[in-house]
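Participant: The amino acid sequence is not available; the structure is as follows:
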Ligand SMILES: Nc1ncnc2c1ncn2[C@@H]1O[C@H](COP(=O)(O)OP(=O)(O)OP(=O)(O)O)[C@@H](O)[C@H]1O
């Protein structure tokens, strides 16, 4: 088990140099005066290219806020956020929207598929909207990897929850984003369907070189990642490489409800 002593203040990149996303001294505060809440408290973190990172921590520790700030879905109070070499902080709304559309993929807890479109139409929809033509070979590879080849002309209502989420993952991968952010992507799935989706996310890292950052409460889900970052009170307080569900669970038990050493 790792301990708080092992924490890298920079959420290290394991010796890799290419960084897909990074935060530098990021502070995110909501409200003012007595109601001010500091959701992120001077966070420094690097997300290496081709790596799968899980973000864990107690409720309210800042996981979603960190993900939203890294993904350019939310602004920061101070500090800097970069996507590769592009600084997001300070970008105007239009540029940020464009950057999210062209360079970032998202997977949410609710699959967010359009019910009237079939699977393949859902997968290519963001690219259709952006006026970009999907690369046919890439699309075929994704569809093969997700194992949806025989379900492409089914509508979401004709697919299981796990299949629907795999469509959502394929949709996120279709435009070859530099990084995919997942907010509890298996939160709405039973354990078997969840395992299907997690297995696919893992394969997209190993076989397609994807970079993934995923918020989760589930030690089993976190065990699919290359590393787990632990947040408490808006700070990164621990990091674990090569996690297993047991090690993650032990780590959670060893800390109190707020994520600190008990
Ligand atoms: N829009 C907002 N306005 C005010 N406070 C907010 C807002 N969004 C988040 N917060 C606060 O910021 C802190 C971090 O919230 P965040 O949602 O990032 O935590 P989390 O770790 O993702 O929690 P959970 O596991 O419950 O989803 C919490 O104290 C929360 O109440």
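Facilitator: Structure received. If you're wondering where the values come from, they're calculated on a predicted model, not measured in any experiment.
Participant: pLDDT-wise, which helix or strand of the chain ranks last?
Facilitator: Using mean pLDDT, DSSP states H and E, the weakest-scoring helix or strand in the chain turns out to be helix 136-146, at a mean of 84.
Participant: so residue 29 touches residue 42, yeah?
Facilitator: No. Contact criterion Cβ atoms under 8 Å: residue 29 and residue 42 do not qualify, at 11.3 Å. C-beta coordinates here come from the backbone N, C-alpha and C atoms, glycine included.
Participant: now the residue nearest to residue 155 when sequence neighbours are not counted: how far from residue 182?
Facilitator: Counting by Cβ to Cβ, 6 or more residues apart in numbering, residue 155 lies nearest to residue 118, which is 5.4 Å off, once chain neighbours are set aside. Distance of residue 118 to residue 182, computed by Cβ to Cβ, to the nearest Å: 23 Å.
Participant: Give me the more crowded residue out of the two.
Facilitator: residue 182 (29 against 18; other Cβ atoms under 10 Å).
Participant: so what's that one up against?
Facilitator: 106, 107, 108, 201, 212, 213, 214, 215 (Cβ atoms under 8 Å, 6 or more residues apart in numbering).
Participant: from the residues you listed, which ones fall inside strands?
Facilitator: 106, 107, 212, 213, 214, 215 (DSSP state E).
Participant: Counting neighbours, what do you get for the fifth one?
Facilitator: Looking back up the chat, that one is residue 214. When counting by other Cβ under 10 Å, one arrives at 26 neighbours for residue 214.
Participant: Look at the closest residue to it other than its chain neighbours and tell me its secondary structure.
Facilitator: Leaving aside its sequence neighbours, residue 214 sits nearest to residue 182 (Cβ to Cβ, 6+ apart; 4.0 Å). What DSSP: H, G, I helix; E, B strand; the rest coil gives for residue 182 is strand.
Participant: So what pairs up with residue 182 in the strands?
Facilitator: Beta-bridge pairing for residue 182 (DSSP bridges): residue 107, residue 214.
Participant: tell me the pLDDT at it?
Facilitator: In this model, residue 182 is scored at 94, pLDDT.
Participant: isn't residue 143 right next to residue 150, touching?
Facilitator: No. Counting by Cβ under 8 Å, residue 143 does not reach residue 150; the two are 9.9 Å apart.
Participant: Neighbour count: those two, which is higher?
Facilitator: For the pair residue 143 and residue 150, the greater number of neighbours falls to residue 143 (22 against 8), based on other Cβ under 10 Å.
Participant: How much space separates that one from residue 154?
Facilitator: 13 Å.
Participant: Ok, residue 104 next?
Facilitator: 27 Å.
Participant: Would you list the phi and psi of residue 54?
Facilitator: Dihedral pair for residue 54: phi -110, psi 140, per degrees, to the nearest 10.
Participant: circling back: may I see the buried residues of the least confident helix or strand of the chain?
Facilitator: Residues of helix 136-146 classed as buried: 139, 142, 143, 145, 146 (neighbour count, 16 or more other Cβ atoms under 10 Å).
Participant: Closest one of these to the ligand?
Facilitator: residue 146 (26.7 Å; Cβ to the nearest ligand atom).
Participant: related to what we said a few turns ago, what's near enough to touch the residue nearest to residue 155?
Facilitator: 152, 153, 154, 155.
Participant: wait, isn't residue 117 in contact with residue 155?
Facilitator: Yes. Here residue 117 reaches residue 155: they are 7.2 Å apart, a contact under Cβ under 8 Å.
Participant: which one among the ones in strands among the contacts of residue 182 gets closest to the ligand?
Facilitator: Distances from the ligand to these, taken by Cβ to the nearest ligand atom, are shortest for residue 215, at 6.4 Å.
Participant: My guess is that closest one contacts residue 184. True?
Facilitator: Yes. Contact status for residue 215 versus residue 184: in contact at 6.0 Å, counting by Cβ under 8 Å.
Participant: Looking at the two, which is more packed in?
Facilitator: Shown here are residue 215 and residue 184; by other Cβ under 10 Å, residue 215 has more neighbours (26 against 19).
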